[in-house]
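Colleague: Need a 3D model of the following:
(2 chains)
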Amino acid sequence: NAGVTQTPKFQVLKTGQSMTLQCAQDMNHEYMSWYRQDPGMGLRLIHYSVGAGITDQGEVPNGYNVSRSTTEDFPLRLLSAAPSQTSVYFCASQGGWSEKLFFGSGTQLSVL
Amino acid sequence: GDSVTQMEGPVTLSEEAFLTINCTYTATGYPSLFWYVQYPGEGLQLLLKATKADDKGSNKGFEATYRKETTSFHLEKGSVQVSDSAVYFCALSERGGADGLTFGKGTHLIIQP
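Modeller: Numbers count the residues shown, from 1 in each chain, chains lettered A, B, ... in the order given. Predicted coordinates:
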């Protein structure tokens, strides 16, 4: 049972480039979410989904897009990378109401 | 909006010392409360949770009690070990986590032998 799988683990982009961070879970969880972690800021919610075909914005959605075509996958797209998007990104899934979050191992992104 | 405030770190203690990490929250309803722990280079893991007032969450010697009257969820452990060195995050969710969690900024705990 792999849990939550994120790829890639590391990525360096130039300003203006686009890319997709992949997230997949094999636990049949309905709830999935993306967070970014910055020093001294804790984790901040970017986007979340309560099921296939349903997504919504979190606290810091600007510059990011998401889609949820299947229960398993929840990719995060950076349309035009900016240095302010340099961060560590975590994907998480949750099985139900007030259940614990399962986190991926993170993607460290640097935008030059 | 919702918010979580926890004590700034780093917190440095000697092995076998008593630990308290303070956490207070602001929420419009009756949230569920969580403590997550992050070890170096890893994602977060749930340490404990409480879903209603006066509930006590506990795990691996850590405890926290949901205090509605003081809007607090302080983390405690009676005797810390070097292996407890990590970053600890307090968090809340208003809708069972369906719309994500609100996290505090994290407290870096360092335990010296």
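
Colleague: could you list every residue that touches B:Thr70?
Modeller: Residues in contact with B:Thr70 (CB atoms under 8 Å, 6 or more residues apart in numbering or on different chains) are B:Thr24. Quick note: C-beta positions are derived from backbone N, CA and C, even for glycine.

Colleague: How about the residues of chain A by chain B?
Modeller: Within reach of chain B by CB under 8 Å from any CB of the partner chain, chain A has these residues: A:4, A:31, A:33, A:35, A:40-45, A:48, A:50, A:56, A:58, A:90, A:92, A:94, A:96-101, A:103-106.

Colleague: which among the residues you listed end up buried?
Modeller: In the residues of chain A next to chain B, burial by neighbour count holds for A:4, A:31, A:33, A:35, A:42-45, A:48, A:50, A:58, A:90, A:92, A:94, A:98-101, A:103-104, A:106, counting by 16 or more other CB atoms under 10 Å in any protein chain shown.

Colleague: mind listing the strands in chain B by residue range?
Modeller: Ranges of strands within chain B are B:3-6, B:11-14, B:19-21, B:23-26, B:32-38, B:44-50, B:56-59, B:62-65, B:75-77, B:86-93, B:102-103, B:107-112, based on DSSP state E.

Colleague: Once you drop chain neighbours, what's closest to the residue most central in space within chain A?
Modeller: The centroid of chain A falls nearest to A:Trp34 when counting by CA atoms, centre = their mean (3.2 Å). In this structure, A:Trp34 finds its nearest non-sequential neighbour in A:Ile46, 4.3 Å apart by CB to CB, 6 or more residues apart in numbering or on different chains.
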